[in-house]
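[1] For reference, the sequence and a predicted model appear below.
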Amino acid sequence: MYTETAIISDNTLAGPEGELVINVGPQHPATHGVLHLVITLQGETVKKIEPHLGYIHRSIEKMCESLSYRQFIYVTSRMDYLSSHINNLGCAICVEKSMQIEVPQRAKVIRVLMSELTRIASHELWLGAMAMDLGAFTPFFYAFREREMINEIMEDSCGARLTMNYMVPGGVMYDIHPQFREKTKAFVKQFKQKVVEYDDLVTNNIIFQNRMKGVGILSKEDAISFGCTGPVARGSGLSCDTRKIFPYEVYADVDFDEVLETGCDSFARYMVRVREMHQSIRIIEQLIDNIPEGDFQAKTKAVLKPPKGEFYQRVETARGEFGVYIVSEGGTTPYRIKFRSPGFSNLSALDHMARGSKIGDLMATMGTLDLVIPDIDR
Amino acid sequence: MHNEAIKDFITGVATSAIFDESGEWLTVQAEPAAWKAMATALRQSQFVFDYLFCLTCIDWKTHLTMVYHLSSTVYRHTIVIKANLDRSHPVIDTVSDIWRTADFHEREVFELFGVVFSGHPDLRKLILPDDFEGFPLRKDFEDPINMIKL
Amino acid sequence: MFSLEHITNEVQNWLSSNFSSGWVLVWECLIVIVLTTGLFAVLGLVLVLMERKVAAQIQIRLGPNRVGPRGMLQTVADTLKLVMKEGLTPDLADKFLFNLAPFLVMMVAMLLLAPIAFARGFQLWDINIGVLYISAVSSLSVIGILMAGWASNNKYSLLGAMRSGAQIVSYELSAGMAVLSIVVLSGSLQITEIIQSQQNGWWLFKGHIPAVIAFVVFIIAVTAETNRAPFDLAEAESELTAGFHTEYSGMKFALFFLAEYINIFIVCAIGATLFLGGWMPLHIGSWGGFNHLMDYIPSSIWFLGKTFLLIFLIMWFRWTFPRLRVDQLLALEWKYLLPISMLNLLLVTLIAILGWHF
């Protein structure tokens, strides 16, 4: 893991040419996990950022090769643990696509509702962590107040708070909890009341705006070239919302806007996520009273055996486009699985975005990328 | 934008390309040597394949197959390009100068499959420790400690 | 009526009637040492607990509530933990400077306590250049921080120390200017005289808008000088893990921690003294009855009340604002605060010369 630069940095204070090489991570408050960045500094200015990954690499793709089509979905909850529902959903849809399983309408609506709740929960956590990267602790607790309600809703229906494992090929694992509607409505009500506080505390704060505006510039062309997706790309004005472009489940039937900002800076990415939470609330409001009656799961065989072939499915997680690429040989286990994780591509743009900025801006930019390390390492 | 137009264009660039339309997207089987020219042409063509959203490799035990999923952010069409590589000396040209996202993805494939990307600016291990031996995602990889046979 | 002045006079009288004048000085020195150390310990415990409780209230949670009644002994337990922890010194650190730094920072905080008037007639050292003394000594703390950062042989520490150096040196200017404006108004450098000059009203109210501006500048500058958020760049945890005290552990870390809180107390005490009349009760013009009532509240309560009000204000800042970036921090000082406070000083001088203040 330690390359030449990292070893130099351990022994001497000054690197070559009077530059300072420091290791940010793998244990560092701003990396939100075990990301390791070797950054070269000239004074306070960042000259180069070199990510070193793999501290939480579990070779999930290899593991999936020996798991059945029902089992491997559960491993994906452990990748992007903040959007575990959506990861599961992507895998479930991919398997359904290969097997041509028809999912009941009720399950589809439940899946979308859960996905949107997950998206809000993930953005809430991001908001808190982002503010923490900027040195403000309080927004974290405000964000968690609302996130806790979502977690309770999830807990009722899925029995889990983080690694949900709720989506299965053919539908969802259980029916929704009897209180699901009621609690979700209560959440929507509370969210609408309290979201104003975020604006007061964070968005309209002059220090916050000065820290975010004009920082971490990522142009639209670069966003495409780096394969950025999700709020990172949409903050650069790139329309890339999979829910709109390649609608899956019932996204084609609900009314919502793809959030686009053209600022290309950290503030634009921030605004995208905040406005996306409102769009998710909009989707939930449309669907919560219209969950159709019926089965929550299609009848499927106990052992799934997709035909020989290659299947790809992309879904929009809170971080961007998550792709599942299944190569099947017709057996009970996949021959090869590739997870295209949004964080991996987004992280690759970090060096480009933060080069030449100050250390503080590097942390802020990294915050707006919303990195989840297991998602990157897989 | 129809697959026929894309097929015509690709045939113009690389005559040896074989097409397969049985899957969800148009799949092109390309020669590794012709890949770089084809990639450059696709990126600059009127189809604007500016978005490389997935880059991976499959070990077929007899050979390795590089798989590139290309898409256009303008026209939203997608093609899949495959290139078969020799398993003992897998070498293919890098496309990290065309799509910068390939930088990380190629490094990942390099360490997990052992594919060498000639012309890559910084081909080092990204995820695994520097002293790691072997290519974990190849089918013949053995690790008696960490791998549990099911 | 309860009065600290009364007690000190009793002690003084008793000592001088029993010992020769030389021994009286020795005994008084001892009493002062014991009291100061005690005050430090108590202040540290109280302020840390207060910070945690204030933070908890702002962050819609409860804060410490397990150790002792309503969690009041939490900081005692924390201190115990820190005392028992091993004080590590990194291998390649400059051992002498590394161990000296926390004590230096602490000593500076202790020295600053000398000219502060805690109550009517309750002051360690009523030096005639009290304000100058405070400005001079408070700038020494940066040496301790630079020392800690350099000696740790840690790049995070070094970066934090350099930031801290740039920050404290810059913000001292506007803090000094703000203090000067009160010196100009009251016409004295001596703390007692500054307090006396506020008998009929605090400078914050008497000095018109320029005094308010000076007060605001003073609060911003001292927040920066004590390395508190939003100016906590020296220990910005999301950037530099813990800044200049990254390598410190155990009691050495506790000394830094303590010094930070003592410094907050001191700057707030100075702010209260200069702008809010120190131990002077709140008097409003000709409201005889009201003024008389206010006089019944002991002067020490007035002083502590004002000080803790300012401390609360500074804590409130910390839990509300995000951190500034290093260039924004310096731009704020050199481009905004310093010109404003210079202009303000001119205005204050004009007011003082023309006698426009009340």
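    The structure has been received and is ready for your questions. Numbers count the residues shown, from 1 in each chain, chains lettered A, B, ... in the order given.

[2] switch to C-alpha atoms for all contacts and neighbour counts from now on
    Will do.

[3] Poorly predicted segments of the stretch 151-300 of chain C, please.
    The stretch 151-300 of chain C contains residues with pLDDT under 70 at C:285.

[4] ok, which stretches of it are helices?
    Shown for the stretch 151-300 of chain C, the helices assigned by DSSP state H, counting those that start in this stretch span residues C:155-186, C:191-196, C:203-206, C:208-225, C:237-240, C:250-275, C:288-295, C:299-318.

[5] now C:Ala214, nearest residue through space, not along the chain?
    Counting by CA to CA, 6 or more residues apart in numbering or on different chains, C:Ala178 is the residue found nearest to C:Ala214 once chain neighbours are left out, at 4.8 Å.

[6] ok so, going back, can you redo the helices of the stretch 151-300 of chain C as a markdown table with distance to B:Lys82 and mean neighbour count?
    Listed next are the helices of the stretch 151-300 of chain C as a markdown table, based on distance: least, CA to CA, whole Å; neighbours: other CA atoms under 10 Å in any protein chain shown:
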| stretch | distance to B:Lys82 | mean neighbour count |
| --- | --- | --- |
| helix C:155-186 | 47 | 23 |
| helix C:191-196 | 83 | 21 |
| helix C:203-206 | 77 | 20 |
| helix C:208-225 | 59 | 22 |
| helix C:237-240 | 43 | 23 |
| helix C:250-275 | 59 | 23 |
| helix C:288-295 | 87 | 13 |
| helix C:299-318 | 56 | 20 |
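
[7] Of the ones you listed, which is nearest A:Val75?
    Relative to A:Val75, the nearest member of these by CA to CA is helix C:237-240, separated by 30.7 Å.

[8] Against which helices or strands is that closest one packed?
    helix A:105-133, helix A:359-369, helix C:155-186 (3 or more CA pairs under 8 Å, 6 or more residues apart in numbering or on different chains; DSSP states H and E).

[9] out of the ones you listed, nearest to A:Pro247?
    Closest to A:Pro247 of those, according to CA to CA: helix A:105-133, at 11.2 Å.

[10] Please state the offset of the closest one from the chain centre?
    9 Å (CA atoms, centre = their mean, to the nearest Å).

[11] tell me the average confidence for it?
    Summarised as a single mean, pLDDT over helix A:105-133 is 89.

[12] how about low-confidence regions in chain B?
    Residues of chain B that meet the cut-off, pLDDT under 70, sit at B:1, B:149-150.

[13] what are the ranges of the strands in it?
    For chain B, applying DSSP state E gives strands covering B:18-20, B:26-30, B:51-59, B:63-71, B:78-86, B:91-93, B:116-118.

[14] Pick the most buried one from these.
    Comparing the strands of chain B by mean neighbour count (mean count of other CA atoms under 10 Å in any protein chain shown), strand B:51-59 ranks first with a mean of 24.

[15] what about the residue of the stretch 51-200 of chain C found nearest chain A, distance to chain B?
    Ranked by CA to the nearest CA, the top residue of the stretch 51-200 of chain C for proximity to chain A is C:Gln59, at 5.4 Å. Plainly put, C:Gln59 is 38 Å away from chain B if you go by CA to the nearest CA, to the nearest Å.

[16] Would you check that that residue makes contact with A:Tyr142?
    Yes: counting by CA atoms under 8 Å, C:Gln59 touches A:Tyr142, with 7.0 Å between them.

[17] Between those two, which is the more surrounded one?
    A:Tyr142 (22 against 19; other CA atoms under 10 Å in any protein chain shown).

[18] quick one: contacts for whichever residue of chain C sits closest to chain A?
    For chain C, the nearest residue to chain A under the criterion CA to the nearest CA is C:Pro322, separated by 4.2 Å. Contact partners of C:Pro322, counting by CA atoms under 8 Å, 6 or more residues apart in numbering or on different chains, are A:Ala131, A:Met132, A:Leu134, A:Gly135, A:Ala136, A:Phe137, A:Ile207, A:Phe208, C:Ala229, C:Pro230.

[19] What is the burial count for residue 121?
    Since you didn't name a chain, this refers to chain A. So A:Ala121, with other CA under 10 Å, has 24 neighbours.

[20] Please refer instead to chain B.
    By the criterion of other CA under 10 Å, B:Pro121 has 11 neighbours.

[21] cool, and the one 3 residues further on?
    The burial metric for B:Arg124, expressed as a neighbour count using other CA under 10 Å, is 16.

[22] where's it relative to B:Val116, distance?
    With distances taken as CA to CA, to the nearest Å, B:Arg124 is found 10 Å from B:Val116.

[23] Over to A:Arg145?
    From A:Arg145 to B:Val116 the distance is 49 Å (CA to CA).

[24] does chain B sit close to the strand or helix carrying A:Ile22?
    A:Ile22 is located in strand A:20-24, with elements delineated by DSSP states H and E. No: using CA under 8 Å from any CA of the partner chain, strand A:20-24 stays clear of chain B, with a minimum separation of 15.7 Å.

[25] The longest helix seen in chain C to helix C:250-275, inter-axis angle?
    If you go by DSSP state H, chain C has its longest helix at helix C:21-58. Put simply, helix C:21-58 runs at 90 degrees to helix C:250-275, going by axes from the mean of the first three to the mean of the last three CA atoms, to 10 degrees.

[26] Excluding covalently adjacent residues, which one is nearest to A:Ile110?
    Closest to A:Ile110 by CA to CA, 6+ apart is A:Ile291, at 7.2 Å.

[27] For the one you found, which three-state class applies?
    coil (DSSP: H, G, I helix; E, B strand; the rest coil).

[28] cool, and the one 10 residues further on?
    Secondary structure for A:Lys301, judged by three-state DSSP, is coil.

[29] swap in the one 5 residues further on?
    Here A:Pro306 is recorded as coil under three-state DSSP.

[30] and C:Asp327, how many residues sit next to it?
    Around C:Asp327 there are 12 residues (other CA under 10 Å).

[31] And for A:Val303?
    A:Val303: 12 surrounding residues under other CA under 10 Å.

[32] Give me the distance between C:Tyr261 and C:Val267.
    Taking CA to CA, one finds C:Tyr261 at 10 Å from C:Val267.

[33] before we move on, the earlier item: chain C: which of the strands of chain B is closest?
    With CA to the nearest CA as the measure, strand B:51-59 is the member of the strands of chain B nearest chain C (31.7 Å).

[34] Okay, angle between that closest one and strand B:78-86 too, please.
    Using the same axes, to 10 degrees: strand B:51-59 against strand B:78-86 is 30 degrees.

[35] Direction included, what does strand B:51-59 pair against?
    strand B:63-71 (antiparallel) (DSSP bridges).

[36] Quick check: chain neighbours aside, which residue is closest to residue 74?
    Just going to use chain A. A:Tyr74 sits nearest to A:Asn165 (CA to CA, 6+ apart), 5.5 Å away.

[37] meant chain C actually
    C:Gln74's closest residue in space is C:Val67 (CA to CA, 6+ apart), at 5.1 Å.

[38] still on that earlier bit, go ahead and build a PyMOL selection from the buried members of the contacts of C:Pro322.
    Of these, the buried ones can be selected in PyMOL as follows, counting by 16 or more other CA atoms under 10 Å in any protein chain shown:
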select buried, (chain A and resi 131+132+134+135+136+137+207+208) or (chain C and resi 229+230)
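
[39] Could I get the contacts of C:Pro322 in JSON lines, plus columns for distance to chain B?
    Converted to JSON lines, those look like this (distance: CA to the nearest CA, whole Å):
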{"residue": "A:Ala131", "distance to chain B": "28"}
{"residue": "A:Met132", "distance to chain B": "27"}
{"residue": "A:Leu134", "distance to chain B": "28"}
{"residue": "A:Gly135", "distance to chain B": "30"}
{"residue": "A:Ala136", "distance to chain B": "32"}
{"residue": "A:Phe137", "distance to chain B": "32"}
{"residue": "A:Ile207", "distance to chain B": "33"}
{"residue": "A:Phe208", "distance to chain B": "30"}
{"residue": "C:Ala229", "distance to chain B": "37"}
{"residue": "C:Pro230", "distance to chain B": "37"}
